[in-house]
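Undergrad: coords please:
(chains A and B, ligands or ions: 1)
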Amino acid sequence: MNAISASSSTSLEPAASEHADPRFAHPFGNPGHANAIDLAELARQLDAAASWEAKNRLLVQLAKQLPDWSPEQKTPDRKVAGCESQVWLAFSPIKQAENNVSWQLAADSDSRIVKGLLALVLTAYNQRSDSGQFDFEAWLNERGMQRFLSASRGNGLRAITRTISEHWQNQPQPNRA
Amino acid sequence: MFDLAVPRFDPCYYRAQFAIFAHHPDLVYLDNAATTQKPAAVLDAERQYYEYCNANVHRGAHRLAVAATDAFEGARATVARFINAASCDEIIFTRGTTEAINLIANTFGESPEQLSAGDEIIVSTLEHHANIVPWQMLAQRRGVLIKPLNLTTEGEIDLTHLAQLLASPRARLLAISHASNAIGSIQDIRAICQLAHQRDCKVLVDGAQAIAHLPVDVRALDCDFYVFSGHKAYGPTGIGAAYIRSDILRTLPPWQGGGEMIAVVSFSGTTYASPPQRLEAGTPPIAQAVGLAAALDWLSGLDREAMHAHESSLHRQLEDGLRQIPGVVIHGQARQKVSLTSMSFAPIHPYDVAQFLDNRGIAVRVGHHCAQPLIHSLGISGTLRASLALYNTADDVNRFLAALSETLEILA
Ligand SMILES: Cc1ncc(COP(=O)(O)O)c(C=O)c1O
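TA: As a prediction, this is how the structure comes out:
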C-alpha cells in the first residue's frame, strides 16, 4: 500500500489538531491529529465490513468524525456541482519542507453516507504534494466499493476528485504566491 | 363472513406474470412511478410481432407490410379505446409523455391560429419538468407568457387562483397533470376543464401518473390534450401517446419533417398528410406500439375497480404506517392521491435512507422527482418517494415500513 507514505509527511504546520479553523481539525489524513487515520487504517476497516449494510454503517460512523460546517461556511463557491446531495469543499495551504507545499482539505455534506465517502477522499488527498496523482477510484475498487462508482453515483464522486485535482493544478503554489 | 364491499384482487396472481420478480425474489419494488415492470403479455406481444409480422408500416406491397401496418394501426385503435377518444385519428404516437408535450408545444404552440405573442399559458407549480420546460422554450420563441398556478398547502390546485388567471382574456392554454408524480395529488380535471373552457382556454393534461391507476375517459374529462407514457403503464419504453381533439388537430402544422408525414414532395412545394400521420415523421416505434397495446389490453382485462381498491388499501396501509414512525414527514395531503407517497426525515438525508433500504432489497426513488419548483416550494431539497403498483402486496409495504424504522434509528 504505497499510498500510505503520501500522507505521512513531515514538519506539518500548523498541526491539524491545532488548525485555527475547526473544519480542518479532523483526523482524516492528518498525521498531526491525536486520532489520525490513514488510508491503511481505512482499508482495514472497509475490508472488515463485509456487507453493503456494514460498509454503509462504517461510512456513517466515519462521517461523525468530520466536523460539521456552519451554515455561513456553506457558500456557493465552496459547493461541488454534480452531486446527488450537497457537497462543500475547502482548501487551506500547508507549508511542508522547502519548495514542498500541499493542501489541507475540509469537506461537509448533508448526506451522512456521502460525508463518509468524503472522509475517504480527504484521507486520500489531504496534504499530498504530488498534484493529486493518486488513483482513488482504483483504491475504492480494491475495497469492493464499486457501487459508489456506478454511472449515477460515480458522477458525484468524480466531481469531487476532479475539483480537488483542478485545485492542485490551478492554484498558485502558496509559497510562491 | 365475506366482506362484499371489498372486491377481491389477488396481487400475487398478477405478480407471477412479471418475470422480474422471479429473477429477484426478494425485491420490494416501490419505484413504480418512475417505471413499472412488464408482464409476460407485453414481452410476448413484442416478440411475436418481430417473429411473425415484422416489416415497415404504410409502405410496401407485400403481406408482411400489411400485417405490420394492421398491427400498428390496431395499436392506435387500442389506445383510442382505452382513453375513449372519439376517433383513432386523434391518437399520435410519441416516444412518451415528454415528446408528446414537446410535440404539442411545437405544433399548437407554433400555430398562429392558436397563439400569438402576449398570450398566456397557465402552468401549475406541481408540474413535472416535462410540462414546464417545453412551455418556457415556447415562451422564448413566440413571446407568450407563462403564468404559474399556485397550489393549496395540501397540494391541490388553488381554484381561486385558477379563476383569477382564467379571468385574463389572454389565457389560451392550461397545462396540468392528472396526478402528480412528486406528491400524488389527483386533480379534478373535469371541473378544471369546465372552468377553463368557460374562458375559452384549452387544457392539456399530463396523464403520465394517472394512466396505470385511474380510469381515463378523455371525452368525459372534456380535455383538449391528454398525454402519457407506455412504460408507466406496464408497457415498453420508447412509446407513448398524445390525444389531441380532432377540431384542434386539424389546424396543427407539422412538426418534424420526413417520410410518412407527407402527401406530395416536390422542390416546388410539399404538401402534408392529414393527421395523425402528419405528426409522425419517419418509421415509428412499431413493436413498442404493439407492446403498449398489449399492456393496455392486459389492464383492460383486469377488474380495474378491484385493482384500484387494492392499490388504495396498500396506500392507506403505507401512510398509516408512516404516521407511526417518529421523524417522518409526509408531503402532500390532497384529498385524492394516486398510490404514492413522498416523505422526508430532516435532518436525515433521503439519499442515505434509500441506501439502507437498497441494502435490504427495497427500491425507492429519492430527489426532486423532476419537479424542482414544487419541491422548493415545500422548503426542502428532495424527498424519498415510495410508489405502488398492482403487483405490490401488504408484505411489501410491511417490509418497507420495518426497514425504514430500522434505518432511521441507524441514522439518528
Ligand atoms: C407527471 C409526469 N410527467 C411527465 C413525465 C415524463 O415522462 P417520460 O420521461 O416517460 O417522457 C413523468 C415521468 O417521470 C411524469 O411522472
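Undergrad: can you tell me the SS state at the residue nearest the centre of chain B?
TA: Centroid check for chain B by C-alpha atoms, centre = their mean gives B:Ala208 as the closest residue, at 0.4 Å. Following DSSP: H, G, I helix; E, B strand; the rest coil, we place B:Ala208 in the coil state.
Undergrad: who are the contact partners of it?
TA: The neighbours of B:Ala208, taking C-beta atoms under 8 Å, 6 or more residues apart in numbering or on different chains as the test, are B:Thr97, B:His128, B:Ala130, B:Ser177, B:Asn181, B:Val227, B:Phe228, B:Ser229, B:Lys232. Bear in mind the C-beta positions are built from the backbone N, C-alpha and C, glycine included.
Undergrad: what's the span of stretch B:125-133, first residue to last?
TA: 12 Å (C-alpha to C-alpha, to the nearest Å).
Undergrad: in that stretch, what's buried?
TA: Within stretch B:125-133, the residues that count as buried by 16 or more other C-beta atoms under 10 Å in any protein chain shown are B:Thr125, B:Leu126, B:Glu127, B:His128, B:Ala130, B:Asn131, B:Ile132, B:Val133.
Undergrad: how about these in a markdown table, adding secondary structure?
TA: Output for the buried residues of stretch B:125-133, formatted as a markdown table (three-state DSSP):
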| residue | secondary structure |
| --- | --- |
| B:Thr125 | coil |
| B:Leu126 | coil |
| B:Glu127 | coil |
| B:His128 | coil |
| B:Ala130 | helix |
| B:Asn131 | helix |
| B:Ile132 | coil |
| B:Val133 | helix |
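Undergrad: so which helix or strand takes in B:Met343?
TA: Taking DSSP states H and E as the criterion, B:Met343 maps to strand B:340-344.
Undergrad: please enumerate the helices of chain A.
TA: A:3-7, A:39-48, A:52-63, A:112-125, A:136-142, A:151-170 (DSSP state H).
Undergrad: give me whichever of those is most buried.
TA: helix A:112-125 (a mean of 26; mean count of other C-beta atoms under 10 Å in any protein chain shown).
Undergrad: now for that one, which elements pack on it?
TA: helix A:3-7, helix A:39-48, helix A:52-63, strand A:101-109, helix A:136-142, helix A:151-170, helix B:350-359 (3 or more C-beta pairs under 8 Å, 6 or more residues apart in numbering or on different chains; DSSP states H and E).
Undergrad: let me know the average pLDDT across the first one.
TA: The predicted model assigns helix A:3-7 a mean pLDDT of 34.
Undergrad: now swap in the fifth one and tell me
TA: Mean pLDDT, computed over helix A:136-142, is 89.
Undergrad: for stretch B:397-412, which positions count as buried?
TA: Neighbour-count burial for stretch B:397-412 [16+ other C-beta under 10 Å]: B:Val397, B:Arg399, B:Phe400, B:Leu401, B:Ala403, B:Leu404, B:Ser405, B:Thr407, B:Leu408, B:Leu411.
Undergrad: check which helix or strand the first one maps to.
TA: Assigning secondary structure by DSSP H and E places B:Val397 in helix B:394-411.
Undergrad: and that helix with strand B:340-344, angle?
TA: 10 degrees (axes from the mean of the first three to the mean of the last three C-alpha atoms, to 10 degrees).
Undergrad: follow-up on the earlier one: can you give the strand pairings for the strand holding B:Met343, parallel or anti for each?
TA: Sheet pairing of strand B:340-344 (DSSP bridges) gives strand B:329-331 (antiparallel), strand B:383-387 (antiparallel).
Undergrad: measure A:His167 to A:Phe134 for me?
TA: Distance, A:His167 to A:Phe134, using C-beta to C-beta, to the nearest Å: 14 Å.
Undergrad: tell me how far the closest residue to B:Ser180 other than its chain neighbours lies from B:Ala171.
TA: Excluding the flanking residues, the one nearest B:Ser180 by C-beta to C-beta, 6 or more residues apart in numbering or on different chains is B:Leu126, at 4.9 Å. According to C-beta to C-beta, B:Leu126 stands 19 Å off from B:Ala171.
Undergrad: which strand or helix spans B:Glu154?
TA: With DSSP H and E as criterion, B:Glu154 is part of no helix or strand.
Undergrad: that one contacts B:Gln336, doesn't it?
TA: No: using C-beta atoms under 8 Å, B:Glu154 makes no contact with B:Gln336, being 10.5 Å away.
Undergrad: so where is the chain shaky, pLDDT-wise?
TA: No chain was given, so I picked chain A. Scanning chain A for pLDDT under 70 picks out A:1-18, A:95-101, A:129-132, A:151-154, A:171-177.
Undergrad: oops, chain B please
TA: Along chain B, segments meeting pLDDT under 70 span B:1-7.
Undergrad: show me the domain layout of it.
TA: What automatic domain parsing lists as the domains of chain B is B:11-36+B:303-411, B:43-300.
Undergrad: of the ones you listed, which is nearest A:Phe28?
TA: domain B:11-36+B:303-411 (19.3 Å; C-beta to C-beta).
Undergrad: got the end-to-end distance for the closest one?
TA: 33 Å.
Undergrad: then stretch B:80-99?
TA: Start and end residues of stretch B:80-99 are separated by 18 Å (C-alpha to C-alpha).
Undergrad: quickly check: that stretch near the ligand or not.
TA: Yes: residues of stretch B:80-99 contacting the ligand under C-beta under 6 Å from any ligand atom: B:Gly96, B:Thr97, B:Thr98.
Undergrad: ranking the residues you listed by neighbours, who comes first?
TA: Among the residues of stretch B:80-99 next to the ligand, B:Thr97 has the most neighbours (other C-beta atoms under 10 Å in any protein chain shown), with 27 neighbours.
Undergrad: check contacts around B:Pro275.
TA: B:Asp89, B:Ile92, B:Ile244, B:Leu249, B:Arg250, B:Leu252.
Undergrad: quickly find the element holding B:Tyr226.
TA: strand B:225-229.
Undergrad: report the backbone C-alpha coordinates of that strand in CSV.
TA: Output of strand B:225-229 as CSV, limited to C-alpha atoms (Å, rounded to 0.1, in the frame of the first residue of the first chain):
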residue,chain,number,x,y,z
PHE,B,225,-55.0,17.2,-25.0
TYR,B,226,-54.1,14.1,-22.9
VAL,B,227,-50.6,12.7,-22.9
PHE,B,228,-48.9,9.7,-21.3
SER,B,229,-46.0,7.2,-21.5
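Undergrad: that one pairs with which strands, and in what direction?
TA: Using DSSP bridges, the strands paired with strand B:225-229 are strand B:202-206 (parallel), strand B:240-244 (antiparallel).
Undergrad: about what we covered before: max pairwise distance over the contacts of B:Ala208: which two?
TA: Taking C-beta to C-beta, no two of those sit farther apart than B:Asn181 and B:Val227, at 13.3 Å.
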